[in-house]
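Q: Here's a sequence, model it:
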Amino acid sequence: MKGRCHENKCSSPRKQRFWGSFTMNPWDTRYGSDEFYYGTEANDFLRESAKRISPGGAVLCLAEGEGRNAVFLAENGFKVTAVDGSSVGLAKMEKLAVSKKLSVASIVSDLSDYQIEPGKWDGIVSIWCHIPKDLRKIVHRKIVEGLRPGGILILESYHPRQLEFKTGGPPDASLMMTLNDLRGELFGLNFIVAREIEREIHEGKGHSGKSAVVQVICRKLN
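A: Residues are numbered from 1 along each chain as shown. This is a model prediction of the structure:
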């Protein structure tokens, strides 16, 4: 698989371990315990911003991991589809959803393979989706195409300055994003919120402490 992506970094086949013919997905390993590595509470930025999406709309969550954000959106009445390369992470999401008497559709797929259906989504959520730049440009183009007119993108990523803090995210600045990157890659969307900030993040044991991030909320006009 190329560019398998999850909450805070991207793995490639070179980083996977092989036992005979069986490929170990490192994210399946990370998500393999009963504990939620990034906690069960939704990302703060998403919690503030989800009200911008049309009530009851269809929302796609990319690189959704163990599903905390998708479940939060389902709790708030959205029709949610979660995509991730880890079947283990998505299985935990489904259990979390069932425990709250909710339903979330799940798709196990690498983002290099997943096709975002054009014009389908009222909202697309990309939280901590750190993938190689060439793939990211393709995914971001598909996001623009995938939103309906009036559809909303909510995105938070670590900024390359995050390497100074080391409180979460990948160890490679090339997998992170700047506002300048996003303005170019999301051409065709209107930026409602666009900022590079430092903020406290506490999400399980995976993200903890002062962090450098980029946050955007965009709307598709036509």
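Q: buried ones in stretch 85-102?
A: Of all the residues in stretch 85-102, those buried under the rule 16 or more other Cβ atoms under 10 Å are G85, S86, V88, G89, L90, A91, K92, M93, E94, L96, A97, L102. For glycine as for every other residue, the C-beta is placed from the backbone atoms N, C-alpha and C.
Q: Give me the secondary structure label for the closest residue to the last one other than its chain neighbours.
A: So the one you mean is L102. Excluding its sequence neighbours, the residue lying closest to L102 (Cβ to Cβ, 6 or more residues apart in numbering) is A74, at 4.3 Å. Here A74 is recorded as helix under DSSP: H, G, I helix; E, B strand; the rest coil.
Q: next one: S211
A: Looking at S211 with three-state DSSP, the answer is strand.
Q: R195 too?
A: Assignment for R195 (three-state DSSP): strand.
Q: now R141
A: Under three-state DSSP, R141 comes out as helix.
Q: And the strands in the chain, which stretches?
A: Applying DSSP state E to the chain gives strands spanning 4-5, 10-11, 17-19, 22-24, 58-62, 79-84, 105-108, 121-127, 147-158, 189-203, 207-220.
Q: Find the least confident helix or strand in the protein, judged by mean pLDDT.
A: The weakest-scoring helix or strand in the chain, judged by mean pLDDT, DSSP states H and E, is strand 17-19 (a mean of 31).
Q: List the contacts of I217.
A: Applying Cβ atoms under 8 Å, 6 or more residues apart in numbering, one finds that I217 lies in contact with S49, R52, I152, L153, I154, L155, F191, I192, V193.
Q: Kindly reformat the residues you listed as TSV containing neighbour count, distance to H140 and pLDDT.
A: Compiled in TSV, these are given as follows (neighbours: other Cβ atoms under 10 Å; distance: Cβ to Cβ, whole Å; pLDDT from 0 to 100):
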residue	neighbour count	distance to H140	pLDDT
S49	22	18	98
R52	15	19	98
I152	25	15	98
L153	28	9	99
I154	27	13	99
L155	25	9	99
F191	15	13	98
I192	14	17	98
V193	14	17	98
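Q: ok, the residues you listed vs T167, which is closest?
A: If you rank those by distance to T167 using Cβ to Cβ, L155 comes first, at 19.3 Å.
Q: Give the residue spans of this protein that score low on pLDDT.
A: For the chain, the stretches flagged by pLDDT under 70 are 1-24.
Q: Identify, from the contacts of I217, the entry nearest to L111.
A: For those, the nearest to L111 is L155 (13.8 Å; Cβ to Cβ).
Q: Pretty sure the closest one sits against W128.
A: No - in this structure, L155 is not within contact of W128 by Cβ atoms under 8 Å, at 9.7 Å.
Q: can you tell me the distance between the two ends of stretch 46-61?
A: End-to-end distance for stretch 46-61: 11 Å, by Cα to Cα, to the nearest Å.
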